Every structure is written in structure tokens, then in C-alpha cells.
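Engineer: What follows is a protein structure lacking sequence information:
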């Protein structure tokens, strides 16, 4: 199956641009790295699970860069397509649930007219 995007090229270009930004604003990148690093310090979840969770969140936040980076890491850590698919199924369900929840806001707004 062909890809719609050159994910490897995209990821490499993105990392290059992030490096450009890091040179301009190093404190922001240090802060982000601190946040990312602290998420796994408890050691209760294995790194592969962190990456699978990151992929599910990347889908819900619609972050192509996150997908490119975390898909590579997840596979490198041994995540299977089946494990990733299960997590993405949860992300899909949450997005649908959020849409359903927000429909209540539509009817609240209509009722307030």
C-alpha cells in the first residue's frame, strides 16, 4: 500500500525546523524535554506503552509531526500493528464520544434562543 505522505522526509524536515527553533528559543525546548522526560520517570508503564499512548493522543490532537515521531519510536520499541490499532480504536471512540457530548451544547444553544 502506498503512502500519502513521505513520513520519513517529513519527520526529518520537522526535526530540522524544531532544531532551528531550539537555537532561537532554547528554554522552550528544554521545558518541553523536561515535560516529556518526566512522563516516564515513574517507570510504571514501559516505554513502548508511552509511545502507543502518544500515538493515540496524536490522532486526537491531529498532530502529523507527533504521528511521524511517535510511530517511529513505537515501532523501534517493538509495538505491533495490532497493539497500535487497538490504541487508535480507543482514540477513534473518544473522538466520536466527544462529538456526541458536544451535540448537547448545540441543543443547549438552540434551547437558549
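Structural biologist: Looks like it arrived, so ask away. None of these values were measured; they are calculated from a predicted model.

Engineer: How many residues are close by the residue lying closest to residue 46 once chain neighbours are set aside?
Structural biologist: In space, and not counting its chain neighbours, residue 46 is closest to residue 77: 8.0 Å by Cβ to Cβ, 6 or more residues apart in numbering. Any C-beta I mention is one placed from the backbone N, CA and C, and that applies to glycine too. By other Cβ atoms under 10 Å, 14 other residues sit near residue 77.

Engineer: show me what contacts residue 77?
Structural biologist: For residue 77, the contacting residues are 46, 47, 48, 51, by Cβ atoms under 8 Å, 6 or more residues apart in numbering.

Engineer: Kindly indicate which of the residues you listed lies nearest residue 11.
Structural biologist: Nearest to residue 11, judged by Cβ to Cβ, of the contacts of residue 77 is residue 51 at 14.0 Å.

Engineer: same for the biggest helix by length in the chain, what does it pack against?
Structural biologist: Counting residues, the longest helix found in the chain (DSSP state H) is helix 81-112. Judged by 3 or more Cβ pairs under 8 Å, 6 or more residues apart in numbering; DSSP states H and E, helix 81-112 is in contact with helix 47-61.
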